[in-house]
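# Just need the structure, nothing else, for what follows:
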Amino acid sequence: MKRSVAVMIAGLLAASVAACSPSGDNARTADVQASGDATLRIGLILDNSGSQSFLNDSAQAAVKLAVKEINDAGGHKGKDVELLPVYLGRDTAEQARRMVEAKADAVIGPTDSSNVGPAVDVLAKAHTVLISPAATANALSTYKSNGYFFRTIATDSAQAPVLVKLAKDGGAHSVAVLHEKSDYGSDVASAVSAAIKSAGLTESTVAEFEPGAAGEAVSKIAEGKPDAVVLIARSGADGAIAELHNAGLSGKKLVLADGGLDNYGDRIAKGALEGASVLVPGAFPSAKFQSDLVAVEPSLKDMSFAAETYDAVNLVAIAAASAQDDAGASIAASLIGVSGPGGPKNDGKATECKNYKDCAALLANGTSVDYQGQSGTVGFDSQGDVTSANFMVFGFGTDNKPVYRSQETAGKASS
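This next block holds a predicted model:
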């Protein structure tokens, strides 16, 4: 997730270095021996500042709530889970180093995809698990982490089948793809093209543009006379929407990928987006979950990525309970198994549970578990990615401002 998108979403809604190394180079599937010290320590990396700093509040509230519930349920092996101090004002790698020094077994964060690498580089060497609740870049699926990196948010490309479904639900038979020139634009556009074919629709045109210079690409799109246009853009979304509107390809004909989420207002012509849709990764927080978050953080005003953060903490504790060990290597090796029915440790047979208390009770009775959290089904795969992607759909009115409309789910798209 990029910061600009994270801001808009908000407006709308570590084992120690001395731990034993697992065999092989993929901690997610390794056989390990217990090496923890019987105290589960969880850290939090916050990489938001300035206008994005409010996202820190959401993350901290979700972590506090999860740790409180875990400890109220007896903690890990009868001892309270420790939530480590947060080190604000430091770069991501330095925050990660501080977590290692504090003997973190697992760390939650960061939010921005560009900050994952520096954190992984430090934490993986220390055999410390890192789970991001918001980093969506496709490239992270193959980032070298030796199996210590996971995320509870879908990849950028996972939204492709939902974007196409929205176009098809709107009556489209032919769909054009307009994307900005960037890794994000190219990755999602490629996935959308594949989804168009899978949906039995016709792909009329695919056109790429430089942010601020979408005119020629839109003209190419317009020549194909598509029923709908999927726009994949971040910094260049405003100009592309204006050009599409002038070409008669806006409003109900337009479906925006997550990078296009914004309160456009009078920056574009009134009603230019009326009837258009935009996707946002994640799940809309339930009323009870919102209430529980506010109970631990009364001043909380935004809940962006709170569900994904909360689930990350619970999954760490449930994995530790399953392994009966708090070491990062043990947690990494257990996360796939407890996150879904297809894990290697449960052979496709598991009982669903929705919180740490219930999951821990099942595990104590020798029952395999499938954690179903606030963000929905997780089901980590061998790359640490979720296999079930959850999205919120927002629609636009005449004021060109997005309003929550519905929830969609899709499987992981190929990266």
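# drop to CA atoms for contacts and neighbour counts, all remaining ones
Fine.
# Return the set of buried residues in stretch 70-81.
For stretch 70-81, the neighbour count (16 or more other Cα atoms under 10 Å) marks Ile70, Asn71, Ala73, Gly75, His76, Asp80, Val81 as buried.
# what's the distance between the residue located most distally from the centre of the chain and Asp266?
Most distant from the centre of the chain: Glu223, at 36.1 Å, with distances by Cα atoms, centre = their mean. Look at Glu223 and Asp266: by Cα to Cα, to the nearest Å, they are 28 Å apart.
# Same check on Asn115?
Counting by Cα to Cα, the gap from Asn115 to Asp266 is 33 Å.
# got it, and Asp121?
44 Å.
# Between the two, which is the more surrounded one?
The neighbour comparison of Asp121 against Asp266 (other Cα atoms under 10 Å) goes to Asp121, with 17 against 12.
# Next, the contact list for the more buried one, please.
When contacts are counted by Cα atoms under 8 Å, 6 or more residues apart in numbering, Asp121 touches Ala93, Ser145.
# so when I look at it, I'm seeing a strand, right?
No - Asp121 is assigned helix when assessed by DSSP: H, G, I helix; E, B strand; the rest coil, not a strand.
# pLDDT wise, what is the spatially closest residue to Gln383 that is not a sequence neighbour at?
Distances taken as Cα to Cα, 6 or more residues apart in numbering place Ser141 nearest to Gln383, at 5.7 Å, with adjacent residues excluded. Looking at Ser141, its pLDDT reads 96.
# which other helices and strands contact the helix or strand where Asn56 lies?
For Asn56, the host element (DSSP states H and E) is helix 54-72. Here helix 54-72 touches strand 82-83, helix 287-296, helix 306-323, helix 356-364, going by 3 or more Cα pairs under 8 Å, 6 or more residues apart in numbering; DSSP states H and E.
# will you turn those into JSON lines that also has mean pLDDT?
Converted to JSON lines, the helices and strands packed on helix 54-72 look like this (pLDDT from 0 to 100):
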{"stretch": "strand 82-83", "mean pLDDT": "98"}
{"stretch": "helix 287-296", "mean pLDDT": "96"}
{"stretch": "helix 306-323", "mean pLDDT": "97"}
{"stretch": "helix 356-364", "mean pLDDT": "97"}
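# So which of these is the most surrounded?
helix 306-323 (a mean of 27; mean count of other Cα atoms under 10 Å).
# okay, the angle between that one and helix 287-296?
Here helix 306-323 runs at an angle of 90 degrees relative to helix 287-296 (axes from the mean of the first three to the mean of the last three Cα atoms, to 10 degrees).
# For helix 306-323, list the C-alpha coordinates in CSV.
C-alpha atoms of helix 306-323 as CSV (Å, rounded to 0.1, in the frame of the first residue of the first chain):
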residue,chain,number,x,y,z
ALA,A,306,-7.2,-2.2,12.0
ALA,A,307,-8.8,-5.5,11.1
GLU,A,308,-5.6,-6.7,9.3
THR,A,309,-3.4,-5.6,12.1
TYR,A,310,-5.6,-7.2,14.8
ASP,A,311,-5.6,-10.5,12.8
ALA,A,312,-1.8,-10.4,12.4
VAL,A,313,-1.3,-10.3,16.2
ASN,A,314,-3.8,-13.0,16.8
LEU,A,315,-2.2,-15.3,14.2
VAL,A,316,1.2,-14.8,15.8
ALA,A,317,-0.2,-15.9,19.2
ILE,A,318,-2.2,-18.8,17.8
ALA,A,319,0.8,-20.0,15.8
ALA,A,320,2.9,-19.9,19.0
ALA,A,321,0.2,-21.8,20.9
SER,A,322,0.1,-24.4,18.1
ALA,A,323,3.9,-24.8,18.2
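# sec struct for Glu352, please.
The three-state assignment at Glu352 reads strand, by three-state DSSP.
# residues contacting it?
Contacts of Glu352 (Cα under 8 Å, 6+ apart): Val369, Asp370, Tyr371, Gln372.
# Nearest to Gly239, out of the residues you listed: which one, please.
Gln372 (40.4 Å; Cα to Cα).
# Name the nearest residue to that closest one, sequence neighbours excluded.
Lys354 (5.0 Å).
# that older thread, got the angle between the helix holding Asn56 and helix 356-364?
50 degrees.
# What residues of helix 54-72 count as buried?
54-71.
# then stretch 176-192 to PDB, C-alphas only?
C-alpha atoms of stretch 176-192 as PDB (Å, rounded to 0.1, in the frame of the first residue of the first chain):
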ATOM      1  CA  ALA A 176     -10.600  -1.300 -21.900                       C
ATOM      2  CA  VAL A 177      -7.600  -1.000 -19.600                       C
ATOM      3  CA  LEU A 178      -6.000   2.300 -19.000                       C
ATOM      4  CA  HIS A 179      -2.900   2.300 -16.700                       C
ATOM      5  CA  GLU A 180      -0.200   4.700 -15.600                       C
ATOM      6  CA  LYS A 181       3.400   3.800 -16.400                       C
ATOM      7  CA  SER A 182       4.700   2.200 -13.200                       C
ATOM      8  CA  ASP A 183       5.300  -1.200 -11.700                       C
ATOM      9  CA  TYR A 184       1.900  -0.900 -10.000                       C
ATOM     10  CA  GLY A 185       0.100   0.100 -13.200                       C
ATOM     11  CA  SER A 186       1.800  -2.700 -15.300                       C
ATOM     12  CA  ASP A 187       1.300  -5.400 -12.700                       C
ATOM     13  CA  VAL A 188      -2.400  -4.700 -12.200                       C
ATOM     14  CA  ALA A 189      -3.100  -4.200 -15.900                       C
ATOM     15  CA  SER A 190      -1.600  -7.500 -16.700                       C
ATOM     16  CA  ALA A 191      -3.800  -9.200 -14.100                       C
ATOM     17  CA  VAL A 192      -6.900  -7.400 -15.300                       C
END
